[in-house]
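S.K.: Fold the stuff below for me.
(one chain, ligands or ions: 1)
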Amino acid sequence: MRLTIKRRIAALYTLLTVVLLAILLPIVYGTVSASLNLDIQSRLESAIAQVLIAVDDQDEKFTINSQVDLPDYISLCVTDQEGRVFFSTSGGQWLKDASVDGNKKTSYQNETYTVLKEDFQIEEYVVTASAAISSDYAEQSLSTLRWLLLVLAPIYLGLSVAGAYLLAKRAIRPIADITRTAETISAGDLSKRIAEPVARDEVQELAITFNTMLDRLQESFQRERQFTSDASHELRTPVAVISACAEELAGEPLSEDGRETLEAVQKESQRMNKIISQLLVLTRGYEGRYHLDKERLPLREAVGSVLEEMKELAAAQGISLFNQVPEGMEVWADQSLLTQLLINLVGNAVKYGTKGGWVIIRAAQEKGSCVLTVSDNGIGMSPEELEHIFERFYRADKARDRSGSGLGLSIAQWIVHLHGGEITAQSQLGKGSQFTVALPRREGAPFPSEKKERSRP
Ligand code: ADP
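M.R.: From the prediction side, this is the model:
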């Protein structure tokens with residue numbers, strides 16, 4: 001179980017409350033018990049005092065000269081110097097012979113009593129007064145207190161722990177909000193900001209710091225995009241001029257070496273032109289400037305026309321192309337982007353294919369999505385290479401002897417994400433590769449990853 005801050009606070013609070021209760025409850029109980037004992041003692045003392053005031057001494061005989069009104073829970077007995085009882089409450093004579101222990105307690109008829117026994121000098125005689133209160137009196141009060149504490153303590157503990165948990169949850173909620181917003185931000189849209197809480201507290205400080213950091217990040221991303229976009233635009237004209245000059249030169253009589261050099265210039269300027277166009281597609285994607293024009297498209301036909309386009313290139317390498325997309329399958333996509341996506345994937349499968357190999361395009365319908373696969377039995381990739389193929393300008397070592405820019409799969413991934421889909425690749429070195437693209441079949445049925453990079457490559 002994850003020990004969240006909420007749970008940690010609740011657990012610490014529980015521990016603290018248990019420790020406090022373990023200290024406080026015995027103190028409360030002890031204090032009440034001691035004050036009850038004091039109360040009993042003072043009641044016994046006042047009962048004896050009441051009786052002694054009423055003692056009358058006539059001809060060596062003691063009597064009680066007035067009415068003594070004692071509460072019925074007090075037993076009392078007064079004896080003269082010869083041990084004769086001359087006053088007792090009803091049933092109080094037993095106190096005459098009662099033996100008292102160190103705690104001033106005695107037992108009589110299965111009951112424990114607290115006893116106060118005192119000798120008094122009246123003229124030349126000694127009178128002994130004993131008063132007792134049944135321990136039941138104190139025991140009843142203490143047992144009520146015990147029950148009360150035993151019931152109240154767990155209720156108090158439960159309520160305070162629940163209260164602590166709820167308070168912690170409330171205090172943490174703004175942080176959870178920040179985390180949620182940060183998740184959507186890190187997934188792509190750097191223009192979003194965290195709502196700053198009104199309360200001037202640590203959470204507000206965190207939100208402000210986070211937003212400032214995002215401002216700086218967005219600025220540097222924008223600068224990088226601007227640079228890529230400007231550089232691509234700037235390079236366009238010189239590359240076009242080089243192409244045009246090479247074209248013009250091609251019509252002139254040239255030596256064998258000169259023609260070879262010219263062909264190399266033409267090939268490389270074409271490659272540069274392609275890289276520049278791809279960069280411009282990507283920067284347009286960066287800026288979220290691409291206007292998606294989605295429609296229902298028959299997938300088999302879309303694949304068919306791309307394979308038609310690739311036929312010659314594939315045939316030149318002895319590679320066979322197979323369209324195994326079922327009839328009638330439709331995707332919800334932008335036509336030109338879908339074509340671009342297929343060109344990039346099929347183009348790679350051909351480019352990194354082996355002589356006499358094959359490329360198969362299949363499709364299947366799954367819950368709410370259309371899953372397209374482009375498989376080949378070409379050179380394949382190692383797991384380390386596979387990790388990087390969607391990065392811009394990444395090219396595996398083995399691919400370097402074949403033409404390419406390292407941008408094709410970045411563009412493919414951007415197109416798929418723009419459609420709210422997912423693209424994955426599987427490959428085995430020397431055996432072949434398979435690219436899987438899942439696209440939503442309907443509008444409004446996005447993939448979980450659609451939250452990520454909707455409009456950025
Ligand atoms: P490139 O222009 O180099 O083809 P991509 O972005 O299209 O750039 O692909 C990136 C890298 O991924 C390629 O250089 C290659 O190493 C690898 N790759 C892509 N598709 C395949 C494939 N079907 N078979 C083997 N390797 C591939």
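
S.K.: Tell me where the stretch 101-250 of the chain has helices.
M.R.: 135-186, 202-250 (DSSP state H, counting those that start in this stretch).

S.K.: of these, which approaches Lys367 most closely?
M.R.: Lys367 lies closest to helix 135-186 among the helices of the stretch 101-250 of the chain, at 24.4 Å (CB to CB). All C-beta spots, glycine's among them, are computed from the backbone N, C-alpha and C.

S.K.: Now that closest one: average pLDDT?
M.R.: Mean per-residue pLDDT for helix 135-186: 86.

S.K.: And that helix, what does it pack against?
M.R.: Applying 3 or more CB pairs under 8 Å, 6 or more residues apart in numbering; DSSP states H and E, one finds that helix 135-186 makes contact with helix 5-53, strand 111-122, helix 202-250.

S.K.: what's the most buried one of those?
M.R.: Greatest average neighbour count among these goes to strand 111-122 (a mean of 16), per mean count of other CB atoms under 10 Å.

S.K.: That one pairs with which strands?
M.R.: Sheet pairing for strand 111-122, assigned by DSSP bridges, gives strand 105-108 (antiparallel), strand 125-134 (antiparallel).

S.K.: can you give me the angle it makes with helix 135-186?
M.R.: 130 degrees (axes from the mean of the first three to the mean of the last three CA atoms, to 10 degrees).

S.K.: The helices and strands packed on helix 135-186 into TSV, with extra columns for mean pLDDT and distance to Gly408?
M.R.: TSV is the format used below for those (pLDDT from 0 to 100; distance: least, CB to CB, whole Å):
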stretch	mean pLDDT	distance to Gly408
helix 5-53	90	46
strand 111-122	88	97
helix 202-250	88	16
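
S.K.: May I see these organised as TSV, with distance to Arg259 added?
M.R.: Converted to TSV, the helices and strands packed on helix 135-186 look like this (distance: least, CB to CB, whole Å):
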stretch	distance to Arg259
helix 5-53	74
strand 111-122	126
helix 202-250	8
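
S.K.: Same list, the ones you listed, but as TSV with distance to the ligand please.
M.R.: What follows is the helices and strands packed on helix 135-186, written out as TSV (distance: least, CB to the nearest ligand atom, whole Å):
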stretch	distance to the ligand
helix 5-53	43
strand 111-122	94
helix 202-250	16
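
S.K.: Looking at the ones you listed, spot the one closest to Lys169.
M.R.: Per CB to CB, nearest to Lys169 of those: helix 5-53, 5.2 Å.

S.K.: who's in contact with the residue in the chain sticking out farthest from the centre?
M.R.: The C-alpha centroid of the chain is most remote from Asp59, which lies 95.0 Å away (CA atoms, centre = their mean). Not one residue lies near Asp59 by CB atoms under 8 Å, 6 or more residues apart in numbering.

S.K.: Which one, of the helices of the stretch 101-250 of the chain, ends up nearest to Ser75?
M.R.: Smallest distance to Ser75 across the helices of the stretch 101-250 of the chain (CB to CB): 11.7 Å, for helix 135-186.

S.K.: now the angle between helix 5-53 and that closest one, please.
M.R.: 160 degrees.

S.K.: Spell out which parts of this protein neighbour the ligand.
M.R.: Contact residues (CB under 6 Å from any ligand atom) of the chain with the ligand: 344, 348-349, 352, 376, 378-381, 389, 394-396, 399, 404-410, 433.

S.K.: Restricted to helices, list those.
M.R.: Asn344, Asn348, Ala349, Gly408, Leu409, Ser410 (DSSP state H).

S.K.: about what we covered before: which of the residues of the chain next to the ligand are buried?
M.R.: Among those, those buried by neighbour count (16 or more other CB atoms under 10 Å) are 344, 348-349, 352, 376, 378-381, 389, 395-396, 399, 404-410, 433.

S.K.: so where's the stretch 351-457 of the chain shaky on pLDDT?
M.R.: Residues of the stretch 351-457 of the chain meeting the criterion pLDDT under 70: 398-402, 442-457.

S.K.: List the contacts of the closest residue to Ser107 other than its chain neighbours.
M.R.: Nearest non-adjacent residue to Ser107, counting by CB to CB, 6 or more residues apart in numbering: Tyr113, 7.4 Å away. Counting by CB under 8 Å, 6+ apart, Tyr113 touches Ser75, Ala98, Lys105, Thr106, Ser107, Ala132, Ile133, Ser134, Ser135.

S.K.: redo that, cut-off 7 Å
M.R.: Lys105, Thr106, Ala132, Ile133, Ser134, Ser135 (CB atoms under 7 Å, 6 or more residues apart in numbering).

S.K.: now swap in Ser405 and tell me
M.R.: Counting by CB under 7 Å, 6+ apart, Ser405 has contacts Lys274, Ile275, Gln278.

S.K.: related to what we said a few turns ago, point out the one among the helices and strands packed on helix 135-186 that comes closest to Glu256.
M.R.: Per CB to CB, nearest to Glu256 of the helices and strands packed on helix 135-186: helix 202-250, 14.2 Å.

S.K.: Now do the helix or strand immediately after the closest one in the chain, average pLDDT.
M.R.: With elements assigned by DSSP states H and E, the helix or strand that comes after helix 202-250 is helix 256-286. The average pLDDT within helix 256-286 is 87.

S.K.: and the angle from helix 256-286 to helix 202-250?
M.R.: 150 degrees.

S.K.: which helices and strands does helix 256-286 pack with?
M.R.: helix 202-250, helix 408-418 (3 or more CB pairs under 7 Å, 6 or more residues apart in numbering; DSSP states H and E).

S.K.: Determine the angle, from 0 to 180 degrees, between the helix or strand just after the shortest one and helix 408-418.
M.R.: Tracing the chain C-terminally past helix 408-418 and defining elements by DSSP H and E, one meets strand 422-428 next. Strand 422-428 and helix 408-418 meet at an angle of 140 degrees, taking the same axes, to 10 degrees as the criterion.

S.K.: helices or strands up against strand 422-428?
M.R.: Using 3+ CB pairs under 7 Å, 6+ apart: strand 422-428 touches helix 408-418, strand 432-440.

S.K.: so of those, which one's packed in deepest?
M.R.: helix 408-418 (a mean of 24).

S.K.: just to revisit the earlier point, can you tell me which of the contacts of Tyr113 are buried?
M.R.: Buried members of the contacts of Tyr113, scored by 16+ other CB under 10 Å, are Thr106, Ala132, Ile133, Ser134, Ser135.

S.K.: residues touching the second one, list them.
M.R.: So the one you mean is Ala132. Here Ala132 is in contact with Ser75, Leu95, Tyr113, Thr114, Val115 (criterion: CB under 7 Å, 6+ apart).

S.K.: Find the residue closest to Leu157 in space, skipping its chain neighbours.
M.R.: The shortest distance from Leu157 to any non-neighbouring residue, by CB to CB, 6+ apart, is to Thr17 (5.6 Å).

S.K.: Same check on Ile319?
M.R.: That would be Gly353: by CB to CB, 6+ apart, it lies 4.6 Å from Ile319.

S.K.: That neighbour: neighbouring residues, count only.
M.R.: The burial count assigned to Gly353 is 24, neighbours taken as other CB atoms under 10 Å.

S.K.: Val306 versus that one, what's the distance?
M.R.: 15 Å (CB to CB, to the nearest Å).

S.K.: now Val241
M.R.: Applying CB to CB to Val241 and Val306 gives a distance of 32 Å.
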